[in-house]
Structure formats: structure tokens, C-alpha cells
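In: Show me the folded form of this:
(2 chains)
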Amino acid sequence: MIIENFEHHQYAHCESGVTVNLLRYYGVELSEPMIFGIGAGLFFGHLPFVKVNGVPGTTFRIWPGYIFKRVSNQLGVKIKVENFKSPEKAMQALDEVLASKRPAGMMASVYYLDYLPPAFRFHFNAHNLIAFGKEGNEYVISDPVMEKVANVSSEDLAKARFAKGFPEPNGRMYYPVQAPKTVDLTKPIWSGINQTCFFMLTPPVPFFGVKGIKYLGKKIKQYPAKLDPRRSALYVGNIIRMQEEIGTGGAGFRFLYAAFLQEAGKKFGDDELLHLSEEMTAIGDQWRNFAYSAARTCKARSGELHSYDELGDMLIDISGKEKDFFEKLKKVAKGKK
Amino acid sequence: MKKEELPQDKKIIHGEDNTLRKVLYVTDESGNYESAQSDGWEAENFALTQAWEDIDEHIAETREKVKKGEVSPIAYYMLKNLMDIPILASYMGKWKWVVKRHLKPSVFKKLDKKTLERYASVFNITVDELTKFPAAQ
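Out: Numbers count the residues shown, from 1 in each chain, chains lettered A, B, ... in the order given. Below is the predicted model of the structure:
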């Protein structure tokens, strides 16, 4: 059984891609950057005390589930989000949703998804995909980071939905129930912009937003003194991975956000937004320069003080640029509805 | 990033092509955003390769430690399954300190059948493979 009118398209990021593909099925056609912007997906966080396999965590996006919920809320799409206690119940509920001709979004661990190349299959649990059919014991999966549709066995999907670690998907399944015939994007766009400015500028702790970037910059400068060369390289390598691997659109989602600002600017005929889109593109390029230099520093494995110092300075500079950027964006968005 | 700067660097890891063609957002000649496909970029390929080299080294080191009787086979299979103690503990439904104790060969020897079966199922191996290390390797 396959849900006929569901179309799979490949996108940069899993959750915004899942949201685009799900909403299209209900007649709401939006681009991925638009979903990402309205969903206030851009973020930054560095948590030195939350370690995964001994390496501190860095994120360039908001927490899982936020984009789908926020976009649906803003557009007036009714949704259902469910968590489950047991794999049996979760898989049964999935079958029922599919039988009612509704494609189902799910949170899953990439470790159990054998259509991905082996080198990508870590215990990363915040991945998102859609099931839109079942053939025998296999589910037909639309994973937005894949070019094509893939099949996953019932056992593997159950494992992926009940992976342990951080975060735990707990079988989470989500899908639209009802969508309005027409949507007005004006308010959702400005609201999304305001929310992202809030996330980036106001966190009172040093780990998040523009402050978090500066904080990470200062931390990197200390790596050669505090860690052996191998650890230093792994710590910095993880930042590159979070920033550049599949699902980020490159440069830690900065290009995806610039594309959103451009689309919004064109829609409103707002030159300030168009100009800020260009600025965000330049910031994205700076993030890529950082990744390039970081890879070179890791390769040298010398643990030389000056190179880590330069990497730290690059981030402190980016932090200043993003602070300036989001303050300007906040001004542009002020009072707009 | 400009369209013409879009990298197409294949990801070769463990001697095999692990490329996953992904979508990126790039600007065209007039600065308009569009989506484009990329095989990857050397900087990210390097970071992923480096992470795998570290894992592979750890697995090899731990295998030797198990052979010498310094740690239990659980330590080896934990790494082999890309887990750390917090992840393994949550799969086992046990406290971290309990799992940590099971990494000691003396404690491992005394584990009951049920616990061994649980570990084996988490690692997707048989109890024999778990206990008759390194013969199973």
C-alpha cells in the first residue's frame, strides 16, 4: 500500500524537509527556506558539559520538533503529535495512520537506517523522516536528505523510533490533520523573524545565541593548553561536522536562512530584508572559512597555540557580526505584522 | 556561497565511497538563491574521516585490552556499536555506574545469564560471541 498523491522531494534539512513534504500533501506549497524561517529553525548552542562520545555538543539549529509545530501553528494547520511507551503500540498506530491515507512524520535514529551510507550511521537520534506506505514487512520512507524513496524493515524502523541516548524519540509520530485552503504568510514570516532574533540575542546564559558563538571561540583558544592534540582536533572536528554535514544546507544553516530572507524580501518588496540576506550570505561564507581553516589546523595536529588562537578569533568575529546582524534584523521586524 | 564554488568532493571512508549527494543553497550570478546538489566538501570529509579514525583506533586498542584481561568484552562491543557508557546504560535500562562496573573482567565473569543475554541483544550478537572473546573475533 502506498499513499498515491504523496510526493517525495529532497531537501537540505530533515525537519524542514519533512514539514515541506507533509504540508504539500495537504495543498500548502511552501519552499524549504520559507518553512525554515517561519519555523525559526536557526540557532546556535555550545554545551561543553553535554558530551556525546566524549566530545562536547554544538548545534546550529533549534531543538527537534520545534519547526514542524511552529510552522503548523502559524499557518493554522491542525496537527497531531504522539509519543509512545512501547514499539508495538507505536508501530500499530503508524499502520492505522497510513491506513487512513495520512503520511506520518517520525523522529528516528540514523543508526538503524540502512539506506544511509555506513559512515553516517552514528547514534544521532534527532533525525526526521516520513512513512507513506507499507509493502509486506517494509515501510516506504521519504527521507528528505535522500534523493530517492527508500524501504526500511519494520524491525529497523521500530528500533530507530525507540533509540536510546539523547534525545530519545520515544516513537514520536506527527502529522497534519487538517490544513486551511489558503494561507497568508505575512504574519508568520515576521513572527518567525522576531522569534529567531529573540533566540539569538536574548539567552541569559553564555551557551546560546550570538553569545554562544563567542563562548565557543574562547573555548577553542584554550584547547591546546587543556587537551592533547588529538582531543583538540576531535573537538574542533565535531564543530565542522555539525556545521557542514548533510542536513545543514552548508555553513550551519546560515545559507538556508539567507535564502529565506531573500524570499521574504522579494515577497514584500522589502529592500532591507534583501540587503540583510546578502549580509547573512557573507556570514555563512565566514563560517565556511572557519570550517576550512579548522580542518587544516586539525590536519596539522600540531596543537600549535597560534592556529587554535586564530580559529577562536574567527568565531569571536562571527559572533560580533551575527550580533550586529540580528540587532538590525530585529529593528527591521519591529512593529511589522 | 556562489554556485560556481559549490564543492563536489566525494566521501571516501574505510576505502569505500560513502558519498551522500545532498542539497545546498547557493547564489547564482545575480545573487539569487537556488538549491543545488553537492557530493560533499573536503573540510567535512576530513572531519568525518578523523572521527572514524579515532573510533577505529579505540576499537583496536580495546580489543587488545580485552585480550590482556584489562577490560571485559562489553567495553569492546560497546565501542564497536559506536556507544559510550551513557548510551549503553540507557539501552540496558541500568545506571551508568552499574554498566561501568561490568567493564571490569572480574565483575563480567560473575554476570548472570539474563544480563548477558540483554547485552548480547543490545549488541546484536550471541551470548557466545560476547563471552568467548577473542575466539569470536
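
In: neighbours of A:Tyr257, just the number please.
Out: When neighbours are counted by other Cβ atoms under 10 Å in any protein chain shown, A:Tyr257 registers 27. All C-beta spots, glycine's among them, are computed from the backbone N, C-alpha and C.

In: Now it: which helix or strand?
Out: Using DSSP states H and E, the element containing A:Tyr257 is helix A:254-268.

In: Surely A:Ala294 forms part of a strand?
Out: No - assessed by DSSP: H, G, I helix; E, B strand; the rest coil, A:Ala294 does not belong to a strand; its assignment is helix.

In: Now do the same contact list for the closest residue to A:Lys328 other than its chain neighbours.
Out: Spatial nearest neighbour of A:Lys328, chain neighbours left out: A:Leu276 (6.4 Å); criterion: Cβ to Cβ, 6 or more residues apart in numbering or on different chains. Neighbour list for A:Leu276: A:261, A:265, A:325, A:328-329, A:332 [criterion: Cβ atoms under 8 Å, 6 or more residues apart in numbering or on different chains].

In: and which of those is nearest to chain B?
Out: Among the contacts of A:Leu276, A:Leu261 lies closest to chain B (Cβ to the nearest Cβ), at 9.3 Å.

In: Spit out the contact partners of the closest one.
Out: Each residue near A:Leu261 by Cβ under 8 Å, 6+ apart is listed here: A:37, A:273-274, A:276-277, A:280, A:329.

In: could I get those residues as TSV with secondary structure?
Out: Formatted as TSV, the contacts of A:Leu261 follow (three-state DSSP):
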residue	secondary structure
A:Gly37	helix
A:Leu273	helix
A:Leu274	helix
A:Leu276	helix
A:Ser277	helix
A:Met280	helix
A:Leu329	helix
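
In: Mind putting these into JSON lines with distance to A:Asp114 and pLDDT?
Out: Below are those laid out as JSON lines (distance: Cβ to Cβ, whole Å; pLDDT from 0 to 100):
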{"residue": "A:Gly37", "distance to A:Asp114": "33", "pLDDT": "98"}
{"residue": "A:Leu273", "distance to A:Asp114": "43", "pLDDT": "98"}
{"residue": "A:Leu274", "distance to A:Asp114": "44", "pLDDT": "98"}
{"residue": "A:Leu276", "distance to A:Asp114": "42", "pLDDT": "98"}
{"residue": "A:Ser277", "distance to A:Asp114": "39", "pLDDT": "98"}
{"residue": "A:Met280", "distance to A:Asp114": "37", "pLDDT": "98"}
{"residue": "A:Leu329", "distance to A:Asp114": "42", "pLDDT": "98"}
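
In: Contacts for stretch A:159-166, please.
Out: Residues outside stretch A:159-166 that contact it (Cβ under 8 Å, 6+ apart): A:50, A:52, A:87, A:90-91, A:106-113, A:123, A:125, A:127, A:152, A:168-173, B:86-87, B:90-91.

In: wait, I meant stretch B:79-86
Out: Under Cβ under 8 Å, 6+ apart, the answer for stretch B:79-86 is A:52-54, A:111, A:121-123, A:165-166, B:55, B:58-59, B:62, B:78, B:91, B:96, B:99-100, B:122-124.

In: Of the contacts of stretch A:159-166, select the buried ones using a PyMOL command.
Out: Of these, the buried ones go into a single PyMOL selection, burial set by 16 or more other Cβ atoms under 10 Å in any protein chain shown:
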select buried, (chain A and resi 52+87+90+91+106+107+108+109+110+111+112+113+123+125+127+152+169+171+172+173) or (chain B and resi 86+87+90+91)
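
In: hang on, the earlier thing: who wins for neighbours among the contacts of A:Leu261?
Out: When neighbours are counted by other Cβ under 10 Å, A:Gly37 leads the contacts of A:Leu261 with 30 neighbours.

In: and that one, what does it touch?
Out: Going by Cβ under 8 Å, 6+ apart, A:Gly37 touches A:189, A:192-193, A:196, A:257, A:260-261, A:263-264.

In: still on that earlier bit, which pair of the contacts of A:Leu261 spans the longest distance?
Out: Distance extremes for those: the farthest pair is A:Gly37 and A:Leu274 at 14.0 Å, using Cβ to Cβ.

In: Restricted to strands, list the contacts of stretch A:159-166.
Out: Using DSSP state E, the subset of the contacts of stretch A:159-166 located in strands is A:50, A:52, A:106-108, A:127, A:152, A:173.

In: How about residue 32: what's its closest non-neighbour residue?
Out: With no chain named, the answer covers chain A. Among residues not flanking A:Glu32 along the chain, A:Tyr11 sits closest, at 4.7 Å (Cβ to Cβ, 6+ apart).

In: The intended chain is chain B.
Out: In this structure, B:Asn32 finds its nearest non-sequential neighbour in A:Gln262, 7.2 Å apart by Cβ to Cβ, 6+ apart.

In: And A:Cys14, by the same measure?
Out: Nearest residue to A:Cys14, sequence neighbours excluded (Cβ to Cβ, 6+ apart): A:Asn128, at 4.2 Å.

In: burial measure for that neighbour, as a count.
Out: The number of residues packed near A:Asn128 is 26, by other Cβ under 10 Å.

In: can you tell me which residue is nearest the centre of chain B?
Out: Taking Cα atoms, centre = their mean, the centroid of chain B lies closest to B:Leu82, which sits 2.7 Å from it.

In: What helix or strand is that residue located in?
Out: Assessed by DSSP H and E, B:Leu82 sits outside every helix and strand.

In: Quick check: it vs A:Ser100, distance?
Out: 37 Å (Cβ to Cβ, to the nearest Å).

In: just how off-centre is stretch A:255-267 within its chain?
Out: Counting by Cα atoms, centre = their mean, to the nearest Å, stretch A:255-267 is centred 17 Å from the centre of its parent chain.

In: Also compute the angle for the least confident helix or strand in chain A by mean pLDDT relative to helix A:254-268, please.
Out: Scoring the helices and strands of chain A by mean pLDDT, DSSP states H and E places strand A:42-52 at the bottom, with a mean of 92. Between strand A:42-52 and helix A:254-268, the angle comes out at 160 degrees (axes from the mean of the first three to the mean of the last three Cα atoms, to 10 degrees).

In: what's strand A:42-52 in contact with?
Out: Here strand A:42-52 makes contact (Cβ under 8 Å, 6+ apart) with A:36, A:56-62, A:123, A:166, A:196, A:199-200, A:207-210, A:212-213, A:215-216, A:219, A:252-254, A:256-257, A:322, B:84.

In: Restricting to C-alpha, output that strand in CSV.
Out: C-alpha atoms of strand A:42-52 as CSV (Å, rounded to 0.1, in the frame of the first residue of the first chain):
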residue,chain,number,x,y,z
LEU,A,42,18.2,28.9,13.0
PHE,A,43,20.0,28.8,16.3
PHE,A,44,23.4,28.3,18.0
GLY,A,45,24.3,26.5,21.1
HIS,A,46,27.5,25.1,22.5
LEU,A,47,27.3,22.9,25.6
PRO,A,48,30.7,21.9,26.9
PHE,A,49,29.3,19.6,29.6
VAL,A,50,26.9,17.7,27.3
LYS,A,51,29.3,15.2,25.7
VAL,A,52,28.5,12.7,23.0
